[in-house]
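Undergrad: quick one: sequence plus predicted model below, questions after.
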Amino acid sequence: MTTAGTLDNRGHDILDNGAPRERIVAATPLVTGSGHVRPNLALDPGLVYDAGESDYIDFMCTLNYTAEQLRLLMPDFTKCTRTLPGGPADLNYPSFVVIFDNHTNIRTLTWTVTVVSGKAETYKVSYVVPERVKVSVTPTTLVFKKPNERKSYTVEFRSLEGNVTTDGWRLCCCSGHIFSRK
């Protein structure tokens, strides 16, 4: 996922094949998913987002999966004991959706990445911001000095339109990590 791109194999925007034929448009992150797979880059992804079995169980509990549904994946599962405190977006995963609703127009999330290359590397923040959303990342540079070193970063998402009506919501989504090799 962190090595996929937003352009197709011809270097053009990935198109939304679900759009009416007379007005085909570039796909949004919700349509493209991870994007165009680039296998050569996957051999050396640089950074990975570690998430284990318990993280995914907590994620599914946060989404209100039932014990019966979870037993299909884990036969010994008994009940949900934890959920992700900030909701589904708190899963340490390189793709996320942040929902702005009548409760908040600011969301702050923290992720942890592990460098998987065998050498020291520096990563600088790089992202595209959706319209009407301000994004702040701390720190803006991650410096890794040894293999398998882990670092965390925090992203604040702020809706520039303020809160929405009580029956409405807006979302901000991104795919892939927001740091690139310097």
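TA: The structure has been received and is ready for your questions.

Undergrad: and residue 160, what does it touch?
TA: Contacts of residue 160 were listed using CB atoms under 8 Å, 6 or more residues apart in numbering, and they are 132-134. For the C-beta atoms, the positions are set from N, CA and C on the backbone; glycine is no exception.

Undergrad: among the residues you listed, which ones are buried?
TA: Buried members of those, counted by 16 or more other CB atoms under 10 Å: residue 133.

Undergrad: which ones among the contacts of residue 160 lie within strands?
TA: Mapping these onto strands (DSSP state E) picks out 133-134.

Undergrad: name the nearest residue to residue 126, sequence neighbours excluded.
TA: Among residues not flanking residue 126 along the chain, residue 180 sits closest, at 4.5 Å (CB to CB, 6 or more residues apart in numbering).

Undergrad: quick one: the one you found and residue 127 touch, right?
TA: No. Between residue 180 and residue 127 there is no contact under CB atoms under 8 Å: 9.3 Å.

Undergrad: tell me which element residue 97 is part of?
TA: strand 96-100 (DSSP states H and E).

Undergrad: if we can go back for a sec, just the contacts of residue 160 now: which is nearest residue 59?
TA: Closest approach to residue 59 among these (CB to CB): residue 133, at 23.3 Å.

Undergrad: now the strand holding residue 97: average pLDDT?
TA: Strand 96-100 carries an average pLDDT of 75.

Undergrad: the helix or strand that that strand is followed by to strand 96-100, inter-axis angle?
TA: Counting by DSSP H and E, the element after strand 96-100 in chain order, helix or strand, is strand 106-115. Compare the direction of strand 106-115 with that of strand 96-100 by axes from the mean of the first three to the mean of the last three CA atoms, to 10 degrees and you get 170 degrees.

Undergrad: list the helices and strands strand 106-115 packs on?
TA: strand 47-48, strand 96-100, strand 150-159 (3 or more CB pairs under 8 Å, 6 or more residues apart in numbering; DSSP states H and E).

Undergrad: buried residues in the second one?
TA: Okay, so that is strand 96-100. Within strand 96-100, the residues that count as buried by 16+ other CB under 10 Å are 96, 98-100.

Undergrad: same for that strand, what does it pack against?
TA: strand 106-115, strand 150-159, strand 170-174.

Undergrad: sheet partners, orientation included, of that strand?
TA: Paired with strand 96-100 in the same sheet, following DSSP bridges, are strand 170-174 (antiparallel).

Undergrad: average pLDDT for the strand it pairs with?
TA: For strand 170-174, mean pLDDT is 55.

Undergrad: doesn't residue 126 make contact with residue 135?
TA: No. Taking contacts as CB under 8 Å, residue 135 lies outside contact range of residue 126: 11.4 Å.

Undergrad: between these two, point out the one with more neighbours.
TA: It is residue 135, of residue 135 and residue 126, that has more neighbours when counted by other CB atoms under 10 Å, with 17 against 13.
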